[in-house]
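Chemist: sequence and computational prediction follow.
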Protein chains: 2
Amino acid sequence: LNKRGNIDDEFALINQAISDFTSYHSLLVPNGDDAAIYKPTPGQGQIVCVDTMVEEIHFTKNTMTPFQIGYKSVAVNLSDIAAMGGTPRYFLVSIAVSPDWNAEEIIEIYQGMKSLADTWKIDLIGGDTVSSKKGLVVTVTVIGEVEERVKLLRSNAKPGDMLFITGDLGKSAAGLHYLLEPSNILSMESAPSTLIDAHQMPRPHIQEGQILAFFAEDGISLNDVSDGLASEASEIARSSHVSLVITKEQVPLDRELINYASKVGKDPFEWVMQGGEDFILVGTVPSECVQEVQELFKGKDCTFHVIGYVQEGNGEVFIKENGNLHRVHKQGFNHFSQLKE
Amino acid sequence: LNKRGNIDDEFALINQAISDFTSYHSLLVPNGDDAAIYKPTPGQGQIVCVDTMVEEIHFTKNTMTPFQIGYKSVAVNLSDIAAMGGTPRYFLVSIAVSPDWNAEEIIEIYQGMKSLADTWKIDLIGGDTVSSKKGLVVTVTVIGEVEERVKLLRSNAKPGDMLFITGDLGKSAAGLHYLLEPSNILSMESAPSTLIDAHQMPRPHIQEGQILAFFAEDGISLNDVSDGLASEASEIARSSHVSLVITKEQVPLDRELINYASKVGKDPFEWVMQGGEDFILVGTVPSECVQEVQELFKGKDCTFHVIGYVQEGNGEVFIKENGNLHRVHKQGFNHFSQLKE
């Protein structure tokens, strides 16, 4: 959107890209008026969440393509819907575009969004496209639905429950570590592709959340992993007034994560605990439900790993290694903090 | 959020400010988990809209205080709810904070939001607070409700309908004109305060929209004026496949607007037509309903001005002056374009 004279044309191109989105739900008032109006499904609670991705904070032009930026900006919100056991329905996009982004790139961003919108059959029902002086900022709001009885809260963990995860941890942080090494960018033939994928194109665990929603009455706590296992486990432990024990031997480590960590002299378990943006689910389930949950996950080709348990306590998180418990201190994931090391 | 070491403390202060918001609705899951979940009112359509305000595009530290930035970021969204005849219920705030903003200023922004939240009894149910390298970006999502039968669309205008507005136009653009003159900032004793207020603290016309919703079955078209009368009227004319005629003599001009325009050698009507951000409502109503609408507005102490009429046509907007019709060309309002003159 460089030159003033082109702004209108470029916005028109962007609006064209927006109008190419498929409509999966019939709305009372579709996108295009002052606001869209939709009819909620009777008996369903409305889940609403919003997340913002900022250039040079959450991504740079080196770490992600425009398509990936669009994809991920929707994916991180779908992950929040997943963590409530819900089904995503609608989304809105607000995008502030600085002069160093052109219309083609913005359209690619929307194409990345569209790929997820088509996968999950969600409708783009509104948004705002504005200019910024510096830095692209993408804010996505997602609305989902879930049966009113389903409350997969952080505060639901009880002593005796088992702690589980629905996928691999640490891969996104390792992928980002690779992407932030300029020398690595030049030798892409040895790129740890599953780690990079985990960072750039995280899959929201919506189906996993929906399986867990079946067990809502049994008391399931659930978080999506945006800030690393240490931080998410701590949130559950503190909200539930319990302690969580992570059994280190039970935590799966991806082979490529181990290889890459060894190559760059890092501890892969550090990325598991303190990394972030894995966008898998972590939670607790009563031990008597574990087998049934596991079978349902297996039937849907989904991953379910028990990695520890809940005990009485007051918000602590421990790692159990060789029979010994070590206290873990919560430490939030800071985007690109590696840059400052 | 200047120094890395302080970011956590400052975010904690901001989170404290957020937790000070009053809760007006009982939620299925309150703010604080991965996402809030609310129960929609049976029979009500859910209105959703989002708007972004960017530093140096929509405001600067010279044109607005932090309180006003927060207030206006919510107000512009409430205005969209008003334009659908709805009642606002919930909102979410995403804010990207650059290093030249401190926690006190961010808290003032939230206080500005809170003042409107308390007026309209809307609940803050989510958000995201992130860093940016440069420039504050505030994105607000508002959810409102309206009876499913109420569809106050831009496409509802019919030949013979009357064109109306619910307040004064041009004041916000004139107020911004004043605020952008650095010499004016120094002589605040002569400041045109109602113009400045109109720019900094626009009142969303929610009550006005709700009165108009009573007449939904009669066919009401409605827009809020974010981009100036020329642009909004053009949207209605084109969506409805009609022409709109604005009778210049019927358009009210605020006394302070006239005075300020004369002082700076501008045509106040230019601000009415091409200015923007007035956030009053403009629309059309069948002529047989005008008297009843007018009485309801009077009873609620609200303003209703007929300023023209609808005729057959194909998306044109005309101004009628001394019996002559002049075609108006749509021209969107560009924030701060005055800076570039």
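Modeler: Thanks, I have it.
Chemist: for the stretch 101-250 of chain A, what lies in contact range of chain B?
Modeler: Taking CB under 8 Å from any CB of the partner chain as the contact definition, the stretch 101-250 of chain A meets chain B at A:125-128, A:130-135, A:137, A:139, A:141, A:143-144, A:146, A:148, A:151, A:153-154, A:222-224. (C-beta placed from N, C-alpha, C; glycine too.)
Chemist: apart from its chain neighbours, what residue comes closest to A:Y71?
Modeler: With CB to CB, 6 or more residues apart in numbering or on different chains as the criterion, A:Y71 has its nearest non-adjacent residue at 3.7 Å, and that residue is A:G112.
Chemist: which phi and psi does that neighbour have?
Modeler: Main-chain dihedrals, A:G112, degrees, to the nearest 10: phi -60, psi -40.
Chemist: what about it, how many neighbours?
Modeler: When neighbours are defined as other CB atoms under 10 Å in any protein chain shown, A:G112 has 24 of them.
Chemist: and stretch A:111-128, which residues are buried?
Modeler: The neighbour-count check on stretch A:111-128 (16 or more other CB atoms under 10 Å in any protein chain shown) flags A:112-117, A:120, A:122-128 as buried.
Chemist: now those in TSV, with distance to A:Q68, pLDDT and secondary structure?
Modeler: Formatted as TSV, the buried residues of stretch A:111-128 follow (distance: CB to CB, whole Å; pLDDT from 0 to 100; DSSP: H, G, I helix; E, B strand; the rest coil):
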residue	distance to A:Q68	pLDDT	secondary structure
A:G112	6	97	helix
A:M113	11	97	helix
A:K114	13	96	helix
A:S115	10	96	helix
A:L116	11	97	helix
A:A117	15	96	helix
A:W120	17	97	helix
A:I122	18	97	coil
A:D123	22	96	strand
A:L124	18	96	strand
A:I125	23	95	strand
A:G126	23	93	strand
A:G127	19	92	strand
A:D128	22	91	strand
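Chemist: distance to B:V93 added to the residues you listed, as a markdown table?
Modeler: Putting the buried residues of stretch A:111-128 into a markdown table (distance: CB to CB, whole Å) gives the following:
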| residue | distance to B:V93 |
| --- | --- |
| A:G112 | 25 |
| A:M113 | 21 |
| A:K114 | 26 |
| A:S115 | 28 |
| A:L116 | 24 |
| A:A117 | 24 |
| A:W120 | 25 |
| A:I122 | 22 |
| A:D123 | 23 |
| A:L124 | 21 |
| A:I125 | 19 |
| A:G126 | 16 |
| A:G127 | 16 |
| A:D128 | 14 |
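Chemist: residues contacting the residue nearest to A:Y71?
Modeler: Under the criterion of CB atoms under 8 Å, 6 or more residues apart in numbering or on different chains, the neighbours of A:G112 are A:P66, A:F67, A:Q68, A:I69, A:G70, A:Y71, A:K72, A:S73, A:V74.
Chemist: same thing with A:E316?
Modeler: A:A237, A:S243, A:L244, A:R327.
Chemist: so what's the residue count around A:V225?
Modeler: 29.
Chemist: please report the distance of it from A:D254.
Modeler: Distance from A:V225 to A:D254, counting by CB to CB, to the nearest Å: 14 Å.
Chemist: where does chain A dip in pLDDT?
Modeler: A:1-8, A:182, A:184-189, A:330-341 (pLDDT under 70).
Chemist: before we move on, back to that, can you add neighbour count and give the contacts of A:E316 back as TSV?
Modeler: Compiled in TSV, these are given as follows (neighbours: other CB atoms under 10 Å in any protein chain shown):
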residue	neighbour count
A:A237	28
A:S243	22
A:L244	30
A:R327	9
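Chemist: which among those residues gets closest to chain B?
Modeler: Of all the contacts of A:E316, chain B sits closest to A:A237, with 14.7 Å by CB to the nearest CB.
Chemist: show me the contacts for that closest one.
Modeler: A:A157, A:S243, A:L244, A:G313, A:G315, A:E316, A:V317.
Chemist: out of those, list just those in strands.
Modeler: Within these, membership in strands is found for A:S243, A:L244, A:V317, as judged by DSSP state E.
Chemist: the first one touches A:I319, doesn't it?
Modeler: The one in question is A:S243. No: here A:S243 lies out of contact with A:I319, judged by CB atoms under 8 Å, at a distance of 11.6 Å.
Chemist: just give me the neighbour total for A:T141.
Modeler: Neighbourhood size, A:T141 [other CB under 10 Å]: 27.
Chemist: swap in A:P42?
Modeler: In terms of burial, A:P42 registers 8 neighbours under the definition other CB under 10 Å.
Chemist: contacts only, for it.
Modeler: With contacts defined as CB under 8 Å, 6+ apart, A:P42 is in contact with B:P42.
Chemist: who's in contact with A:A83?
Modeler: A:L152, A:G209, A:L222, A:N223, A:D224, A:L281, B:D33, B:D34, B:A35.
Chemist: after the strand or helix carrying the fourth one, which helix or strand is next? Please name it.
Modeler: This means A:N223. The secondary structure element spanning A:N223 is strand A:221-224 (assigned by DSSP states H and E). From strand A:221-224 onward toward the C-terminus, using DSSP H and E, the following helix or strand is helix A:229-240.
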